[in-house]
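Q: How does the following fold in three dimensions:
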Amino acid sequence: MRMWWQALLSSFGLMFVAELGDKTQIVILTLSAKHGFKRVFLGAAAAFTILNVLAVSIGVLVYELIPETALKYAVSAIFIVFGILALLPRKEKTEEEEEEEEGKLKRRHGPMITAFLLVCLMELGDKTQLSLVALTAKYSQPVFVFAGGTLALWATSLIGALVGTFLGKSIPRVWIHRASGVIFIAFGIINLF
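A: Take a look at the predicted model:
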C-alpha cells in the first residue's frame, strides 16, 4: 500500500496539468465571461465531484480485480498513450461550433445547470476521468486520489473562470497540450519502476 500523500499529490498534479488549457476549461471561461464566475464555477465543481466519485469507484474495482503486475503495466500504458495523444496535432472546435453547443443548452437551462451539463458531457470518459481510475487502482487510496483529483479540477475551473482570458491570450494552447503530453508519458515511464 502506497503512502496517502503520493496518491494526493500525484492525482492533483496530473489532473491539474492535464486539464489546464483543456476544452472544458475554455468552456468554463466562456460561460463565466457571459454569466459571472460563481454560478458557472459551482456547476462545474458539482459535475467534477460526481464524475470523480464514479471514476474512483471504478478504480477501486479495478484494483480488486486485476493482479498488481498486470495493473502496473496497464496503468503505465494508459499514461503513455494519453501522453502521445496529447502531443499529436488535433482539430480544435471553432468558436462558432462551441458557441452553438453552449447556446442549445443555455436556452433550456440557467448558467449553473448549463456548466454542470457541459462539464459532464465533455468529461465523461475523458483522459482525466480515466486517469483517476488508473491512479486509484495504482495507489489503492481512493479518498486521497479523489481529493487530489477533485481539488485539481476545481482549481483549473476556478482559474478558467477568473484568469482564463489572460492565460488563453498569452500562452498558446498547443504548448499547454504538449506539456500535458510530456507529463503523462513521464508518469507512465516512472510507474514502470
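Q: Please state the backbone phi and psi of residue 126?
A: When read as degrees, to the nearest 10, the backbone of residue 126 gives phi -70, psi 170.
Q: And the helix or strand containing residue 56, what does it pack against?
A: Element membership for residue 56 (DSSP states H and E) is helix 37-65. On a contact count with 3 or more Cβ pairs under 8 Å, 6 or more residues apart in numbering; DSSP states H and E, helix 37-65 meets helix 23-35, helix 111-123, helix 127-139, helix 142-162. C-beta: built from backbone N, CA, C; applies to glycine.
Q: Now the second one: buried residues?
A: By neighbour count, and taking 16 or more other Cβ atoms under 10 Å as the criterion, the buried residues in helix 111-123 are 111-112, 114-120, 122-123.
Q: can I get those in CSV with pLDDT?
A: Output for the buried residues of helix 111-123, formatted as CSV (pLDDT from 0 to 100):
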residue, pLDDT
111, 78
112, 85
114, 82
115, 85
116, 89
117, 85
118, 82
119, 86
120, 85
122, 80
123, 84
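Q: Those residues into CSV, with extra columns for distance to residue 147?
A: Output for the buried residues of helix 111-123, formatted as CSV (distance: Cβ to Cβ, whole Å):
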residue, distance to residue 147
111, 27
112, 23
114, 27
115, 22
116, 21
117, 25
118, 24
119, 19
120, 20
122, 22
123, 18
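Q: give me every residue that touches the residue minimising distance to the centre of the chain.
A: Of all residues in the chain, the one closest to the mean position by Cα atoms, centre = their mean is residue 128, 3.7 Å from it. Contacts for residue 128 (Cβ atoms under 8 Å, 6 or more residues apart in numbering) come out as 15, 18-19, 22, 149, 153.
Q: Over to residue 124?
A: residue 51.
Q: Over to it: give its phi and psi.
A: phi -60, psi 120.
Q: Please report how far it lies from residue 145.
A: Computed with Cβ to Cβ, to the nearest Å, the distance linking residue 124 and residue 145 is 18 Å.
Q: right, and the pair among the contacts of residue 128 with maximum separation?
A: 22 and 149 (13.8 Å; Cβ to Cβ).
Q: So between these two, which is more surrounded?
A: Each of residue 22 and residue 149 has its neighbours counted (other Cβ atoms under 10 Å); residue 149 has more, 31 against 24.
Q: Around the residue nearest to residue 110 when sequence neighbours are not counted, how many other residues sit close by?
A: With Cβ to Cβ, 6 or more residues apart in numbering as the criterion, residue 110 has its nearest non-adjacent residue at 7.0 Å, and that residue is residue 39. By the criterion of other Cβ under 10 Å, residue 39 has 19 neighbours.
Q: Against residue 77, how distant is residue 39?
A: The value you get for residue 39 to residue 77, if Cβ to Cβ is used, is 39 Å.
Q: Please name the residues that touch residue 11.
A: For residue 11, the contact set (Cβ under 8 Å, 6+ apart) comprises 132, 135, 144-149, 152.
Q: Tell me, please, the helix or strand in this structure that averages the lowest pLDDT.
A: Counting by mean pLDDT, DSSP states H and E, the chain has its least confident helix or strand at helix 164-170, which shows a mean of 52.
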